[in-house]
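> Kindly return the folded structure for what I paste below:
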Amino acid sequence: MSKTGKITKTNAMRALDSLHISYEYTAYASDGFMDGLSVARAIGKNPDSVFKTLVTIGASRQNYVFVIPVAAELDLKKAAASVGEKSIAMLPAKEITATTGYIKGGCSPVGMKKSFPTVIDDSAQEQPTITCSAGKLGLQITLAPADLARVCKAQFAQLTV
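Numbering: from 1, shown residues only. Next up is the predicted model:
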């Protein structure tokens, strides 16, 4: 873990610590929701290595989490196929906090209040490390894609348009 400054750990960071998974965190100025490309710019990272967390609901009413590059768009058909659903839809923004324990723009795939089936876009495997939300606006974590998959019990699949 990076030791740059004193920071209050998030649920995501505590989950990684409990499994002894190495990560670094980066704090950045945020006065509210920022799109993923703006976050990548704010932390000085290539957008191909910065990933966003999308929460969906399947036709079965099961929630799923998809982790894709910030510049990409989730292909709902590919996403549904990756989890064996007939169809999926984005979870309404007003339901994100109640479902995950995180707020929109600060939703991490790690440390949600409940474990959901999670799929990471296979492009993550092309990167030595990827960056995603640490579970709080203004805070990102960077770790190996395999470590993210391990902590989330995630699989990899092609998910983007």
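> Can you tell me which residue is spatially central in this protein?
Centroid-nearest residue in the chain: Thr53, 3.4 Å away (criterion: Cα atoms, centre = their mean).
> wait, doesn't that residue sit right on Cys132?
Yes: assessed by Cβ atoms under 8 Å, Thr53 is found in contact with Cys132 at 6.2 Å. In short, each C-beta sits where N, CA and C put it, glycine included.
> Now list whatever residues contact both of those two.
Common neighbours of Thr53 and Cys132, using Cβ atoms under 8 Å, 6 or more residues apart in numbering, are Val67, Ser108, Pro109.
> The first one belongs to a helix, doesn't it?
No: according to DSSP: H, G, I helix; E, B strand; the rest coil, the state of Val67 is strand, so it is not within a helix.
> what pLDDT does it get?
What the model reports for Val67 is a pLDDT of 98.
> Tell me how many other residues crowd it.
Counted by other Cβ atoms under 10 Å, the residues lying close to Val67 total 27.
> same check, this time on the last one
Neighbourhood size, Pro109 [other Cβ under 10 Å]: 28.
> wait, what's in contact with it?
By Cβ under 8 Å, 6+ apart, the contact list for Pro109 reads Thr53, Val65, Val67, Thr118, Ile120, Cys132, Leu148, Cys152, Ala154.
> next one: Met34
Neighbour list for Met34: Ala42, Gly105, Leu137 [criterion: Cβ under 8 Å, 6+ apart].
> Phe66 now?
Neighbouring residues of Phe66 by Cβ under 8 Å, 6+ apart: Thr53, Leu54, Thr56, Leu74, Ala79, Thr118, Val119, Ile120, Asp121, Leu159.
> which residue sits closest to it in space, ignoring its chain neighbours?
Distance criterion Cβ to Cβ, 6 or more residues apart in numbering; nearest residue to Phe66, sequence neighbours excluded, is Leu54 at 4.6 Å.
> Pull up the pairing partners for the helix or strand hosting that neighbour, direction included.
When elements are assigned from DSSP states H and E, Leu54 belongs to strand 51-58. Note on strand 51-58: by DSSP bridges, its sheet partners are strand 63-69 (antiparallel), strand 88-90 (antiparallel).
> What residues sit buried inside the last one?
In this case it means strand 88-90. Of all the residues in strand 88-90, those buried under the rule 16 or more other Cβ atoms under 10 Å are Ile88.
> Next secondary structure after that strand?
Of the helices and strands lying after strand 88-90 in sequence (DSSP H and E), the nearest is helix 96-100.
> That following helix packs against which elements?
Contacts defined by 3 or more Cβ pairs under 8 Å, 6 or more residues apart in numbering; DSSP states H and E place helix 96-100 against strand 51-58.
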